[in-house]
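In: quick one, structure for this:
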Amino acid sequence: MILGENVGLRAVERKDLGLLRDWRNLQAFRRNFREVRELNMENQEQWFMRSCVNNPNDFMFIVEDLETGEAIGAAGLLYINWIIRSADFSFYIGKNEEYVCADSFALEGAKLLINYGFEQLNLNKIWMELYEYDKAKYDFFTQSFAFKKDGVLRQNCFTDGKYWDSVIISIIRKDFMY
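Out: Presented below is the predicted three-dimensional model:
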């Protein structure tokens, strides 16, 4: 487990799949994810085997409240490219449907994972794709961690009957103050 003061990051286990499915199926969350369909346990099991068990390029974690041992969110470094040392960053707090919030466990959990990526995995760049309407996550990562906007993928998402842009943001190892 990767330990902080109030939260820890531990590997996803099969027992977490039901909770992850429920969080992922929240309408307010799902519209921000690339996988927009309603997920069932078979989908979760396939994802678990593909991403958590059999893939050396994906590191998925449960964000856990250290005081209670309760799973409160999910986080990951995915699609790791070991040549250019980059990873796609996945992160949300599912408890109380918070998503991301600077006054919650999100700040510490995200910091732990970014630090792990740079210090333990020797990554150089951590990036994420956000949809232009996902202001909460954009503001959280650009204001709390100094992620910078790399570019825009025009009309890269279709939600609520409309096309939306994707925004790519990232942080480089040398710019991360921990």
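
In: all strands of the chain, in order?
Out: Taking DSSP state E as the criterion, the chain carries its strands at 2-3, 7-11, 59-65, 71-81, 86-93, 125-131, 148-159, 162-172.

In: quick one: strands adjacent to the second one?
Out: In the sheet, strand 7-11 lines up against strand 2-3 (antiparallel), strand 59-65 (antiparallel) (DSSP bridges).

In: now do that strand, average pLDDT.
Out: When pLDDT is averaged over strand 7-11, the result is 97.

In: list the buried ones in it?
Out: Residues of strand 7-11 classed as buried by neighbour count (16 or more other CB atoms under 10 Å): Val7, Gly8, Leu9. No exception for glycine: its C-beta is placed from N, CA and C like everyone else's.

In: closest to Ile72 among the residues you listed?
Out: Proximity of the buried residues of strand 7-11 to Ile72 (CB to CB) peaks at Val7, which lies at 7.3 Å.

In: give me every residue that touches that closest one.
Out: Val63, Glu64, Asp65, Leu66, Ile72, Phe105, Glu108, Gly109, Leu112 (CB atoms under 8 Å, 6 or more residues apart in numbering).

In: hmm, 6 Å instead?
Out: Val63, Phe105, Glu108, Gly109 (CB atoms under 6 Å, 6 or more residues apart in numbering).

In: repeat that for Gly73.
Out: Val63, Tyr92, Ile93, Gly94.

In: swap in Val100?
Out: Per CB under 6 Å, 6+ apart, neighbours of Val100: Ala106, Ala136, Lys137, Phe140.

In: ok, and the most crowded of the contacts of Gly73?
Out: Val63 (28 neighbours; other CB atoms under 10 Å).

In: report the beta-bridge partners for that residue.
Out: In this structure, Val63 bridges to Leu9, Gly73 when assessed by DSSP bridges.

In: now do Asn81
Out: Per DSSP bridges, the residues bridged to Asn81 are Ser86.

In: helix or strand with the lowest mean pLDDT in this structure?
Out: Among the helices and strands of the chain, helix 27-30 carries the lowest confidence by mean pLDDT, DSSP states H and E, at a mean of 82.

In: on contacts alone, who are the packing partners of it?
Out: Helix 27-30 sits against no helix or strand, with contacts defined as 3 or more CB pairs under 6 Å, 6 or more residues apart in numbering; DSSP states H and E.

In: now that helix: buried residues?
Out: For helix 27-30, the buried set under the neighbour-count rule, 16+ other CB under 10 Å, comprises Arg30.

In: stretch 116-123 now?
Out: Neighbour-count burial for stretch 116-123 flags Tyr116, Gly117, Phe118, Leu123 (criterion: 16+ other CB under 10 Å).
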